[in-house]
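In: I need the structure of the sequence given here:
(chains A and B)
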Number of protein chains: 2
Amino acid sequence: MAEAIRHEKTARQLRLLSDALDSGRLGPVRRLVNTLSPAEIGNLLESLPPAKRTVVWGLVDPEDDGEVLVHVGDDVRESLLAEMDPDEIVAAVEDLDIDDLADLVEDLPDTVIDEVLKSMDRENRERLEQVLSYDEDTAGRLMNPDVVTVRTDTTVDVVLRYLRLRGELPDHTDHLYVVSRRHQYLGRIALQALLTHEPGTPINQLIDDEQPALGVDESSDEVARQFSDHDWISAPIVDDNNILLGRITIDDVVDIIREQAEHQVLGAAGLDEDEDLFSPVRRAFRRRLLWLSINLGTAFLAASVVGQFEGTIEKIVALAVLMPIVAGMGGNAGTQVLALMVRGLALGQVGASNVRVLLWKELRVALMNGLSLGIVLGAIVFFWFGDGVLSLVIASALTVNLVFAATAGVLVPLTLRRMGFDPALAGGVILTTVTDVMGFLAFLGLATLVLLR
Amino acid sequence: MAEAIRHEKTARQLRLLSDALDSGRLGPVRRLVNTLSPAEIGNLLESLPPAKRTVVWGLVDPEDDGEVLVHVGDDVRESLLAEMDPDEIVAAVEDLDIDDLADLVEDLPDTVIDEVLKSMDRENRERLEQVLSYDEDTAGRLMNPDVVTVRTDTTVDVVLRYLRLRGELPDHTDHLYVVSRRHQYLGRIALQALLTHEPGTPINQLIDDEQPALGVDESSDEVARQFSDHDWISAPIVDDNNILLGRITIDDVVDIIREQAEHQVLGAAGLDEDEDLFSPVRRAFRRRLLWLSINLGTAFLAASVVGQFEGTIEKIVALAVLMPIVAGMGGNAGTQVLALMVRGLALGQVGASNVRVLLWKELRVALMNGLSLGIVLGAIVFFWFGDGVLSLVIASALTVNLVFAATAGVLVPLTLRRMGFDPALAGGVILTTVTDVMGFLAFLGLATLVLLR
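Out: The predicted structure follows:
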């Protein structure tokens, strides 16, 4: 219900805006849009069909253009950039933080990239090039080089004076970083500590050196894990020689966590997390066709198993009626195990040390479910078709398939992971192929053996 | 790949620990465990089978017990609490922050709750009771009453002196809140501003009053959205009269976002996000049985459709071989649309204003997919069974089912939402029931009409 309330709130905004757009009165639309934060505008644009999206995008305050571009998915970003002149794009992005600019730069036309680089001063250009030199999905790509550093041989008073001279601090600064002469990371000082200690206190009494810095090559998933395990607001990033390169802030980490979640949910359905709700029909068609073609292949695999038993089905048509039940129930049970495993793998909770215990547990659960549901299924089949042997066959086949489903649910994601594939993406297709094939094979095979003797 | 690296790191820790546990040398285990943060220990405990979990839990530094309990899922928490004496529990939880204690308190035995309340001073007891008076999943339940407030009629210098006198600030304090004499929320002052302005600056020049406070009844989903839309670290919480009650910090928001994600992923498989990887077999069995029983019911519904066409199948057994393909492909295509819709609904991007455009887009995509895949499927069927009419029947049935799948993919989650149900939970079952029923009906129905004339 909580989700419903939130939904209603945003939906009401959407409806208001949509009504205003339909009536053609753009003044109220502009006013409504420009009360929103860039992230909210991005969310709004993603929820608009292409024609309305273009109109609203034209009404956004140019000052917010850059931040809005940072906050939308790749597909929508592309559609928004297509509406802009090169000059507009350069103006929009030149004031962005280095990490945001790095995130955006690959989606920009080459000519625009050149313009943007030319518009930057040398220091910022070098910083951008440095950030871009790191792989996507690493700490180096997420970091912002804009950090405030202090030295050890000073006092609170001196630092306070330095900060007043410096003026505004970068967003989300909760610590100053202490570095050596060679810019090596030594530790951090909480802003809180500066505020709560006497002016004369030597800085080296306030240094927190327990929290190590993150390596620039650390994966973004590991960065997210460290942030949420330690409740950080920001973390320093260093190279192999412990030289301080920049810092990552919690707002970027929140984005990573959201993306991981979308990746799991949409990936299981063969979709990209950057998929635009209103992507052009042709593009959506092409992307989905690939996924459905893979599924068509696996469906033929299962059908070919059924094909082996045409003779049996010809004699007992009830088998054709009942066989989808056995296959489908295996798919449902296996999907439950798979979902638990995918989460466990993502959290690093499943590995060689506990997989045997886990498999044993799931096998027992599957056996208990198979027997219980088998009795129910057998009873219904008996009342429906009046055939006791058929009842026994389907009950046994169901139990066998649930046991196979549990095994596949545990082993398929582990094997995929070991082979370097993402279990969240391919796991479901492989699992249901196993449960379809095994379901048909167990049910029709047993029936052939027992009923056609 | 990034995920794989992270996994390996945690898995290595797990393996080390598991080896040490197996060898019975508890000294190294204790040392290893107590280098971890409470969240990491929680993650570790969740990854251990019950017997090892009990051993490791006994080795955790009692000082960390409370924080660890906060960081594990409900099921695991229950298993850990079962290992503790009432005295131990009281000692573990009495130093927790009020919001964490509120989160925990309902899982504690009644006698322990009384003890905990008795061990608290009156102020904290009243605060806890206040937090507990709000509904779960609201801002009131997430907030911590521990805030630092200042008044308007003062200067930076005076505030700095006050902070030095006060000493340590609550975790994640990035703003001080400005309140009126009646404790009404007026605005906030960034710690940064205190550090970068001259001592003589009047406080009222530094107040940021643009960001409104959040209402205490706001849903936790809305809280999470506001935090990530505005990149907040903390936010003030007020009641209906704008009286400042407490604040929520980003670490709690990160937890909400993670839980939302797990809810979507596991919910789609009929699992609870608090499900323990190693939950007792009986409990796992009972929970899964319920879900599988629902699925058994819908499977019978689909089977009964097939049952209507026994006569047709008896004459053309190829239909039994091919019918799972038509049904399954509908399920796959519909699941893609459903996944997009569930995300869109969760982000508030789908509503009455754009559903028609969306449905129209998905229908066109489905039609294009149906025709393309229909041609492929028809061709394969022609080479397999050498029957041109059967080819045409299956191609048409596939197209019809994909169109129905797209319609259901858009309308089922919207209807569930409107009825107050969570589309992430029930959407998949209903969708595949529609695509199974329609797949069988379209294929077998068309075959009966055309092939048995």
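In: can you tell me the residue of the stretch 151-300 of chain A closest to chain B?
Out: For the stretch 151-300 of chain A and chain B, the shortest gap (C-beta to the nearest C-beta) falls at A:A261, measuring 3.0 Å. (Glycine included, C-beta is placed from N, CA and C.)
In: Leaving out chain neighbours, which residue sits closest to that residue?
Out: Distance criterion C-beta to C-beta, 6 or more residues apart in numbering or on different chains; nearest residue to A:A261, sequence neighbours excluded, is B:A261 at 3.0 Å.
In: got it, and A:V410?
Out: Spatial nearest neighbour of A:V410, excluding adjacent residues (C-beta to C-beta, 6+ apart): A:L359 at 4.8 Å.
In: Kindly report the same for A:G167.
Out: Using C-beta to C-beta, 6+ apart, the nearest residue to A:G167 is B:T196, at 5.6 Å.
In: circling back: go ahead and confirm the residue of the stretch 151-300 of chain A closest to chain B touches B:E259.
Out: No. Here A:A261 does not reach B:E259: they are 10.1 Å apart, not a contact under C-beta atoms under 8 Å.
In: What strand or helix carries the residue nearest the centre of chain A?
Out: Centroid-nearest residue in chain A, with C-alpha atoms, centre = their mean: A:Q260, separated by 2.1 Å. Take DSSP states H and E as the rule and A:Q260 turns out to sit in helix A:250-267.
In: wait, the residue nearest to A:G167 sits on A:E168?
Out: Yes. With contacts counted by C-beta under 8 Å, B:T196 reaches A:E168, the gap being 6.3 Å.
In: The two: who's more crowded?
Out: Between B:T196 and A:E168, B:T196 has the larger neighbour count (other C-beta atoms under 10 Å in any protein chain shown), namely 20 against 11.
In: mind listing what the more buried one touches?
Out: The contact partners of B:T196, taken as C-beta atoms under 8 Å, 6 or more residues apart in numbering or on different chains, are A:L163, A:R164, A:R166, A:G167, A:E168, A:L169.
In: Am I right that the fifth one is in a helix?
Out: No. Counting by DSSP: H, G, I helix; E, B strand; the rest coil, A:E168 falls outside a helix, being coil.
In: That one is in contact with B:A190, isn't it?
Out: No. Between A:E168 and B:A190 there is no contact under C-beta under 8 Å: 9.7 Å.
In: helices or strands next to the helix or strand containing A:V159 in the packing?
Out: If you go by DSSP H and E, A:V159 is part of helix A:156-166. If you count contacts as 3 or more C-beta pairs under 8 Å, 6 or more residues apart in numbering or on different chains; DSSP states H and E, helix A:156-166 packs onto helix A:191-196, helix B:191-196.
In: between it and helix B:156-166, how many degrees?
Out: Orientation check (axes from the mean of the first three to the mean of the last three C-alpha atoms, to 10 degrees): helix A:156-166 against helix B:156-166 gives 140 degrees.
In: Just the angle for the following helix or strand past helix A:156-166 relative to helix A:156-166, thanks.
Out: Remark: after helix A:156-166, the chain's next helix or strand is strand A:175-179, criterion DSSP H and E. Here strand A:175-179 runs at an angle of 110 degrees relative to helix A:156-166 (the same axes, to 10 degrees).
In: Identify all contacting residues around strand A:175-179.
Out: Contacts of strand A:175-179 (C-beta under 8 Å, 6+ apart): A:147-152, A:159, A:185-191, A:194, A:203, A:207-208, A:233-234, A:236, A:244, A:247.
In: quick one: strands adjacent to that strand?
Out: Under the criterion DSSP bridges, strand A:175-179 sits next to strand A:149-150 (parallel), strand A:185-190 (antiparallel) in its sheet.
In: residues making contact with the longest one?
Out: To tie it back to what came earlier, the one meant is strand A:185-190. A:150, A:152, A:159, A:174-180, A:203, A:206-209, A:211, A:213, A:236, A:238, A:242-244.
In: Any of those residues buried? List them.
Out: A:150, A:159, A:174-179, A:203, A:206-207, A:213, A:236, A:238, A:242-244 (16 or more other C-beta atoms under 10 Å in any protein chain shown).
In: out of everything not next to it in sequence, what's closest to A:I98?
Out: Nearest non-adjacent residue to A:I98 (C-beta to C-beta, 6+ apart): A:R127, at 5.1 Å.
In: Check the burial of the one you found by counting its neighbours.
Out: Number of residues near A:R127 (other C-beta under 10 Å) recorded here: 21.
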